[in-house]
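1. okay, sequence plus prediction incoming.
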Amino acid sequence: MLTKKQVLSAIKDMPDTFETTQLFDRLVLLNKIEEGRKQIKEGDVYSTAEARRKLKKWLPPVTPRNR
C-alpha cells in the first residue's frame, strides 16, 4: 500500500503535462516495489535454487552459448 506522501511525490516527479495512464503506471510500479519490500521483510522470498526450479519450465536450459 502506498502512502499519500509517496503518491504526492510521484505526482511532483511527473512532467508538467502527462497522460493519466503514465501516472497510473508509475503508481502501480511503486506499489509493486512496496509489496516486494514487504515480502522481503516478512521472509517471503525464494532462494536462487528455488527460483530456478520454479522458472525452469519457462526458461530455456542454460548452455555455455547463452550465458
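-> That came in fine, so what should we check first?
2. and residue 59, helix, strand or coil?
-> With DSSP: H, G, I helix; E, B strand; the rest coil as the basis, residue 59 sits in coil.
3. which stretches of this structure have low pLDDT?
-> 66-67 (pLDDT under 70).
4. dump the top helix by length along the chain to CSV, restricted to CA.
-> Counting by DSSP state H, the longest helix found in the chain is helix 20-41. Output in CSV follows, covering the C-alpha atoms of helix 20-41 (Å, rounded to 0.1, in the frame of the first residue of the first chain):
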residue,chain,number,x,y,z
THR,A,20,-3.2,9.8,-16.6
THR,A,21,-2.0,6.4,-17.8
GLN,A,22,1.6,7.4,-17.2
LEU,A,23,0.8,8.4,-13.6
PHE,A,24,-1.2,5.2,-13.1
ASP,A,25,1.7,3.1,-14.4
ARG,A,26,4.1,4.8,-12.1
LEU,A,27,1.9,4.3,-9.1
VAL,A,28,1.4,0.6,-10.0
LEU,A,29,5.2,0.2,-10.2
LEU,A,30,5.8,1.9,-6.9
ASN,A,31,3.1,-0.2,-5.3
LYS,A,32,4.7,-3.4,-6.7
ILE,A,33,8.1,-2.3,-5.3
GLU,A,34,6.5,-1.7,-1.8
GLU,A,35,4.8,-5.1,-2.0
GLY,A,36,8.2,-6.7,-2.8
ARG,A,37,9.9,-4.9,0.1
LYS,A,38,7.2,-6.1,2.5
GLN,A,39,7.6,-9.7,1.3
ILE,A,40,11.3,-9.5,1.9
LYS,A,41,10.8,-8.1,5.4
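5. sweet, I'm off.
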